[in-house]
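Engineer: would you be able to build a 3D model of this:
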Amino acid sequence: MLVKLLACDYDGTLASEDRIAPAVLAALERARAAGVALVLVSGRTFFDLTRVCDRLELFDVVVAENGAVLYVPAAGVLRDQAPPPPPRLLAELARRGIPYERGRVVVGTPRAAEAQVRAVLDALGLDMDVVPNRGRLMLLPPGVSKGSGLRQVIRDLRLSFHDVLGIGDAENDLSLLDACGFTACPADAIPALQARVDWVLSGPDGDACAQAITGGILDGAVPVPASPRHRVQIGWSAATARPVTVPARGVDVLVQGDPLSGKSWLAGVLVERLAGARYSVCVVDPEGDYQILARLPGMTATEVRGEASLDRVLAPIEADPTASVVADLSTLPHASKVRAVEGLLTRIQRLRARTGRPHWTILDEAHYSLHPDGVREDALADGAKGICVCTYRASWLRRPLLARMDVLLLARTTAAEELAFLRTAFAGWPGIERIVALLPDLPRGQFARLDAPPAADGPLTFVPVPRETAHVRHLTKYTDAVVAPERRFVFRRPDGRPIREADNLSSFQQAVAEVEDTVLTAHAGRGDFSRWVLGVFSDRELGTQLRKIESRWGRGEIGDLREAIARAVASRYGEDGLR
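Structural biologist: You can find the predicted model right below:
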């Protein structure tokens, strides 16, 4: 996990007996020098905080008064997030002899006086939140909390909450932790926090924070994959129907399977689930299989035609921490695709270093660009986790790339050389022999998962969750509606003689099943099928799939052209709509 912001409570977390120890200050300075934004989040009144902490300038932003006041030390800007306390509240507290401390917004009282304080609020008809903080109570306008103040800071800094590590120790820190993608607490935190966080640090208060910085943030060892909160569901076990999940951060994933085995479809499931959890994803799409994902909220698709297009692809992610993008390279020649992939990976590295985004890069048809003679090695040199590579030839990929994989998602694989390679490349993974033995007979629509280290439920086969962007099947529009004579598809023999016409997709599908092989191969070699579907029906999804089949046929990667075309059309519009 790449932590871009560290948000820490003050008392009992960073500080002990009002002061931050020199060793803790040194760790904070190291984090800031490494580019981590620092935010101090405290329940103390702003002016009391200035009294006890003489190093406020070390922080990018100070969230004081339990989220009610924001202070930017470098600019000297102080912003109240709510109105000051009502004078009649203060007067009544004083009249009843209830001691209190007033801030710009917050009012603090002893926790022992809670019953009296609530009686005052009821008597005055005031709607205020009463927030416990160890031995104190804080009275605040409704909705004001450490979490609300921190969320405002995260928005102001244009960061993703997934890249924020929050550390606290008391009841009022629960809202702080709710605003963070990853959470921790010192070993002496209250039990409720220890049960809530992802990471219980060893040691108390400031020592624990220093450990989080030197033993996690700076060396990239924040233990995200171990946290059950940071997983996304991709399916159900084929044997038990239990949910099948993968880590949402801190891992690299290999998706391997035969052509037309469903691996790109499964990768689409992963993208949908990550985007739905507000992770930022960049899909590098060499063959146009992922355009449909642009229907998802926050997802943008860009057709890459040159260098200027590459510069535009990542702009939505830079502007919006929750944005995701598809880079469609399908119109580029093969050599240009490799250079485009290289350019995108290089840009992603630079953007990640500045913003932490995109959290994931999904690269389809990876064997065409990540082989030893493909993109430059330094395009993936940062080693940051969060890459998913999809391929039907894992044996072509660079060995250092395969060595960093943490999760295997495997579809039906029948090529003997690929099965042998998987056994060898992942020989140290428990369960690899069992999984590889299953792959040749794995039914279409099922997949196998294997993790290193092994997941609690071990290697298993699963069926994926439904896709949100399932193909839209315009049955009557495209399958049965007759097109004008001049727009029909004319099947011709290699010598040019016409032998048959198709006036809709149903008749096209029937003709594909019946014409001679030489007719099919001649049309596929010229790209006639994809050109007709794109030009007549404007169906980009089917047209792109047919263009992919035509290209693969030309490269000798598809054994049965007739079956591949039939499956593509049936998958797009459904078997029933083509009868």
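Engineer: where along the stretch 151-300 of the chain do the helices fall?
Structural biologist: Remark: helices assigned in the stretch 151-300 of the chain by DSSP state H, counting those that start in this stretch are 174-178, 191-196, 205-212, 263-276.
Engineer: and the ones you listed, which one's lowest on average pLDDT?
Structural biologist: When the helices of the stretch 151-300 of the chain are compared on average pLDDT, helix 205-212 comes out lowest at a mean of 88.
Engineer: closest to residue 356 out of the helices of the stretch 151-300 of the chain?
Structural biologist: Between residue 356 and the helices of the stretch 151-300 of the chain, the shortest gap by CB to CB is with helix 263-276, which sits at 14.5 Å. C-beta: built from backbone N, CA, C; applies to glycine.
Engineer: other SSEs contacting the closest one?
Structural biologist: strand 231-237, strand 253-256, strand 281-285, strand 324-328, strand 360-363, strand 387-391, strand 407-410, strand 460-464 (3 or more CB pairs under 8 Å, 6 or more residues apart in numbering; DSSP states H and E).
Engineer: would you turn those into JSON lines with mean neighbour count, mean pLDDT and distance to residue 544?
Structural biologist: Listed next are the helices and strands packed on helix 263-276 as JSON lines, based on neighbours: other CB atoms under 10 Å; pLDDT from 0 to 100; distance: least, CB to CB, whole Å:
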{"stretch": "strand 231-237", "mean neighbour count": "18", "mean pLDDT": "93", "distance to residue 544": "24"}
{"stretch": "strand 253-256", "mean neighbour count": "26", "mean pLDDT": "97", "distance to residue 544": "19"}
{"stretch": "strand 281-285", "mean neighbour count": "28", "mean pLDDT": "96", "distance to residue 544": "9"}
{"stretch": "strand 324-328", "mean neighbour count": "27", "mean pLDDT": "96", "distance to residue 544": "9"}
{"stretch": "strand 360-363", "mean neighbour count": "25", "mean pLDDT": "97", "distance to residue 544": "17"}
{"stretch": "strand 387-391", "mean neighbour count": "24", "mean pLDDT": "96", "distance to residue 544": "16"}
{"stretch": "strand 407-410", "mean neighbour count": "24", "mean pLDDT": "96", "distance to residue 544": "23"}
{"stretch": "strand 460-464", "mean neighbour count": "20", "mean pLDDT": "91", "distance to residue 544": "21"}
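Engineer: can you put those strands in TSV and add distance to residue 376?
Structural biologist: Converted to TSV, the helices and strands packed on helix 263-276 look like this (distance: least, CB to CB, whole Å):
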stretch	distance to residue 376
strand 231-237	31
strand 253-256	21
strand 281-285	15
strand 324-328	18
strand 360-363	15
strand 387-391	15
strand 407-410	26
strand 460-464	34
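Engineer: relative to residue 296, which of those strands is closest?
Structural biologist: strand 324-328 (7.4 Å).
Engineer: with only the CA atoms kept, save that closest one in PDB.
Structural biologist: Output in PDB follows, covering the C-alpha atoms of strand 324-328 (Å, rounded to 0.1, in the frame of the first residue of the first chain):
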ATOM      1  CA  SER A 324     -11.400   4.900 -13.400                       C
ATOM      2  CA  VAL A 325     -10.500   4.800 -17.100                       C
ATOM      3  CA  VAL A 326     -10.300   2.400 -20.100                       C
ATOM      4  CA  ALA A 327      -7.500   3.000 -22.600                       C
ATOM      5  CA  ASP A 328      -8.700   1.500 -25.900                       C
END
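Engineer: which neighbouring elements make contact with it?
Structural biologist: helix 263-276, strand 281-285, strand 299-303, helix 307-313, helix 315-319.
Engineer: so it versus strand 299-303, what angle?
Structural biologist: Here the directions of strand 324-328 and strand 299-303 differ by 20 degrees (axes from the mean of the first three to the mean of the last three CA atoms, to 10 degrees).
Engineer: what lines up beside strand 324-328 in the sheet?
Structural biologist: When pairing is defined by DSSP bridges, strand 324-328 lines up against strand 281-285 (parallel), strand 299-303 (parallel).
Engineer: so can I have JSON lines of those showing distance to residue 199?
Structural biologist: What follows is the strands paired with strand 324-328, written out as JSON lines (distance: least, CB to CB, whole Å):
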{"stretch": "strand 281-285", "distance to residue 199": "25"}
{"stretch": "strand 299-303", "distance to residue 199": "31"}
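Engineer: give me the phi and psi angles of the spatially most central residue of the chain.
Structural biologist: Nearest to the mean C-alpha position of the chain, counting by CA atoms, centre = their mean, stands residue 279 at 3.1 Å. In this entry, residue 279 is assigned phi and psi values of phi -80, psi 150 (degrees, to the nearest 10).
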